[in-house]
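Novice: Okay, here's the prediction I keep looking at, along with the sequence it came from:
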Amino acid sequence: MTEHTPNGFTRRGFLTSSAMAALLPVGANASVPTLTARLGQIRLLPDEYPETPIWGFDGQVPGPLIRLPQGQRMTRKLLNQLPTPTSVHWHGVRVPNVMDGVPGMTQDAVQTGGDFTYTFTPPDAGTFWYHSHHQSSEQVARGLYGVLIVDETEPPDVDHDLTVVLDDWRLTQEGAISDDFDRPHDWTHAGRLGNFIHAVTSPQVTSVARNARLRLRLINVATDRIMEISLIGLEGKIVAFDGMPLLKPQKPERLFLGPAQRVDLIVDVTADEGEDALIASHERDGVFAIAEFSVSGSNTRRGIIPALPDNPHHRLASVTDARKVPLRMEGGAMGGLRDATFKGQHLSIQEMVQLGQAWAFNGVVGMPDDPLLSASTGETLMIEMVNDTAFAHAMHLHGQHFQEVLDDGSFGPLRDTLLMARAETRTIAFRADTPGKWLLHCHMLSHAAAGMRTWLHVT
Ligand code: C2O
Ligand code: CU
């Protein structure tokens, strides 16, 4: 027996259609949240200077904070309102290859007026970031980056959870971003270094209690500068690198952050009431506070700092069956490189510099046609990286984290970017987990633009 409802549906039919509606993915009809790459203005310098024209997501620098619980889907429709093409790369997040945001490899660059919808479920909790991956040495320097935080199901117990985004700006006297993005001297040396190191801490907390516990998420978004950071009046442990928990939290000694690297710390305020607790940056002309908290009031002291809950990311057990691939890094000023191959042509270093190129991996400058390695899913790989140059490099693998194989045979923490000093040899290993074309490049973005790029093919 069927009853008729006023709108003409049978009761049965009505129940069926509402049940179906419940099965549609949430938001299938709702409009997709957008992320608009566009021009904007921000206040970087003191009031007597003009504002700084930038390129930013939603016109801000950093772009809007994207924050979601672990296991939840992230969806953003990128709208490009810039005068040039762009894309978004989700740095450190294990995404399907088509969501990796690499123009010419995983998608076409999004043209002016165009859009692209990014959607994925980050498997790992932690501190990540997103940035343009099109002409990134210029676009990231102009401000096209933002923070992505994936919250643990059970986050650690802290009083303040603060993100500190560290950037290095090259500004003119008028407060504008200097548009010299392609100076041969920068590419062939330590990259395009700025003249104004600036940190944005959010949420903005100005005062903390003595013994308050803080989680600090430091992110180096600078295109090329290595930051050296220390803490004053704050004591605690490093709990994660590049978003991935340390199984055993470790004491921060000297803290160096290469471009793209992140570190999460959990610290207690040890400065006395009336004093300041500081995050300081060590620069050539001194030590500067980049974040300051005045201490007022006092909490009871908490106990030991626990490790973060671990992520599902695979950790290495052994590399005895791993395939070993060499990666020789060459080029730059004061390097031994005399010639190399660029787009299939043999060139001298002088000819390369004229083309804006300066660095090679295994004798090839820029993206090679053939991958550094082809692997099948599940295979364990080792890359022995020999830095045969006179500069430091921040080697970044897309798609998943790796671990360093240490001299005693143990494995270092999971990382997505490894800072290598000049003349160092370091070996990384990982189990190829996700099919696709994945970049491996120096995250000193001037070096990447000037040739330090290769890729892996996982099938
Ligand atoms: Cu942070 Cu290839 O990128
Ligand atoms: Cu480099």
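Specialist: Structure received. All of these numbers come straight from a predicted model, not from anything done at the bench. Numbering: from 1, shown residues only. Ligands and ions are numbered 1, 2, ... in the order given.

Novice: Could you count how many residues lie near residue 232?
Specialist: The number of residues packed around residue 232, counting by other C-beta atoms under 10 Å, is 16. For every residue, glycine as well, the C-beta is placed using N, CA and C.

Novice: hang on, I meant residue 141
Specialist: Neighbour tally, residue 141, other C-beta under 10 Å: 29.

Novice: Nearest to ligand 1: which residue in the protein?
Specialist: Using C-beta to the nearest ligand atom, residue 91 is the residue of the chain that sits closest to ligand 1, at 3.7 Å.

Novice: List the contacts of that residue.
Specialist: For residue 91, the contact set (C-beta atoms under 8 Å, 6 or more residues apart in numbering) comprises 128, 129, 130, 131, 260, 396, 416.

Novice: export these to CSV and tack on distance to ligand 1?
Specialist: Listed next are these as CSV, based on distance: C-beta to the nearest ligand atom, whole Å:
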residue, distance to ligand 1
128, 10
129, 8
130, 9
131, 6
260, 5
396, 5
416, 8
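
Novice: For these, could you give me a markdown table that also reports distance to residue 237?
Specialist: Shown next, in a markdown table, are the contacts of residue 91 (distance: C-beta to C-beta, whole Å):
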| residue | distance to residue 237 |
| --- | --- |
| 128 | 21 |
| 129 | 22 |
| 130 | 27 |
| 131 | 28 |
| 260 | 22 |
| 396 | 25 |
| 416 | 21 |
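
Novice: hmm, back to that, so the residue of the chain closest to ligand 1 bridges to which residues?
Specialist: Residue 91 has the following beta-bridge partners by DSSP bridges: residue 129.

Novice: Also residue 277?
Specialist: Taking DSSP bridges as the rule, residue 277 bridges to residue 293.

Novice: That one and ligand 2, how far apart?
Specialist: Note on residue 277: its distance to ligand 2, by C-beta to the ion, to the nearest Å, is 34 Å.

Novice: just checking, that residue touches residue 296?
Specialist: No. In this structure, residue 277 is not within contact of residue 296 by C-beta atoms under 8 Å, at 11.0 Å.

Novice: shared neighbours of these two, anything?
Specialist: Here residue 277 and residue 296 share the contacting residues residue 208, scored by C-beta under 8 Å, 6+ apart.

Novice: thinking again about what came up before, now, among the contacts of residue 91, which is nearest to ligand 2?
Specialist: Of all the contacts of residue 91, the one with the least separation from ligand 2 (C-beta to the ion) is residue 396, at 9.9 Å.

Novice: What helix or strand is the closest one located in?
Specialist: Residue 396 belongs to strand 393-397 when assigned by DSSP states H and E.

Novice: what about that strand, near ligand 2?
Specialist: Yes. Strand 393-397 lies within reach of ligand 2 by C-beta under 5 Å from the ion, at residue 393.

Novice: Quick one: list the elements packing against that strand.
Specialist: strand 417-420, strand 425-431, strand 436-442 (3 or more C-beta pairs under 8 Å, 6 or more residues apart in numbering; DSSP states H and E).

Novice: by how many degrees do it and strand 425-431 diverge?
Specialist: Calculated by axes from the mean of the first three to the mean of the last three C-alpha atoms, to 10 degrees, strand 393-397 forms an angle of 10 degrees with strand 425-431.

Novice: how much does strand 393-397 deviate in direction from strand 436-442?
Specialist: Interaxial angle, strand 393-397 versus strand 436-442 (the same axes, to 10 degrees): 170 degrees.

Novice: what does the stretch 101-250 of the chain put close to ligand 1?
Specialist: With the criterion set to C-beta under 6 Å from any ligand atom, the stretch 101-250 of the chain comes near ligand 1 through 131, 133.

Novice: how about the helices of the stretch 101-250 of the chain, start to end?
Specialist: Under the criterion DSSP state H, counting those that start in this stretch, helices of the stretch 101-250 of the chain are mapped to 136-139, 184-188.

Novice: per-stretch mean pLDDT over the ones you listed, give me the minimum one.
Specialist: With a mean of 93, helix 184-188 has the lowest mean pLDDT of the helices of the stretch 101-250 of the chain.

Novice: Is residue 186 in contact with residue 193, as I believe?
Specialist: Yes. If you go by C-beta under 8 Å, residue 186 and residue 193 touch, sitting 7.5 Å apart.

Novice: Could you pull up the residues touching the residue in the stretch 151-300 of the chain that ligand 2 sits nearest to?
Specialist: When scored by C-beta to the ion, the stretch 151-300 of the chain has residue 191 as its residue closest to ligand 2, at 6.9 Å. By C-beta under 8 Å, 6+ apart, the contact set of residue 191 is 223, 224, 225, 444, 445, 446, 447.

Novice: if I pick the second one, what's in contact with it?
Specialist: By that I understand residue 224. Contacts of residue 224 (C-beta under 8 Å, 6+ apart): 168, 186, 190, 191, 192, 193, 259, 444, 445, 446, 447.

Novice: Next one: it relative to residue 187, how far apart?
Specialist: Separation of residue 224 from residue 187 (C-beta to C-beta, to the nearest Å): 10 Å.

Novice: Identify the contacts common to the two.
Specialist: 446, 447.

Novice: just to revisit the earlier point, need the next SSE after the strand holding residue 396, C-terminal direction.
Specialist: Note on strand 393-397: by DSSP H and E, the next helix or strand toward the C-terminus is strand 402-405.

Novice: neighbours around residue 173, how many?
Specialist: Residue 173 has 7 nearby residues by other C-beta under 10 Å.

Novice: per-residue pLDDT, it?
Specialist: 93.

Novice: do residue 6 as well
Specialist: The per-residue pLDDT of residue 6 was computed as 36.

Novice: what do you get for residue 410?
Specialist: With respect to pLDDT, residue 410 has a value of 96.

Novice: Of the contacts of residue 191, just the buried ones, ChimeraX syntax please.
Specialist: Here is the ChimeraX selection string for the buried members of the contacts of residue 191, based on 16 or more other C-beta atoms under 10 Å:
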select :223,224,225,444,445,446,447
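
Novice: wait, residue 365 sits on residue 332?
Specialist: No. Using C-beta under 8 Å, residue 365 is not in contact with residue 332, being 11.3 Å away.

Novice: joint contacts of the two?
Specialist: With C-beta under 8 Å, 6+ apart as the test, residue 365 and residue 332 both reach 358, 359.

Novice: Residue numbers of the stretch 301-450 of the chain in contact with ligand 1?
Specialist: 396, 398, 439, 441, 443.

Novice: The third one: how many residues sit nearby?
Specialist: By that I understand residue 439. Neighbours of residue 439 (other C-beta under 10 Å): 20.

Novice: again with the first one
Specialist: Residues contacting residue 396 under the criterion other C-beta under 10 Å number 24.

Novice: Quick check: it vs residue 221, distance?
Specialist: For residue 396, the distance to residue 221 (C-beta to C-beta) stands at 13 Å.

Novice: so what sits against both of the two?
Specialist: Common neighbours of residue 396 and residue 221 (C-beta under 8 Å, 6+ apart) are residue 260.
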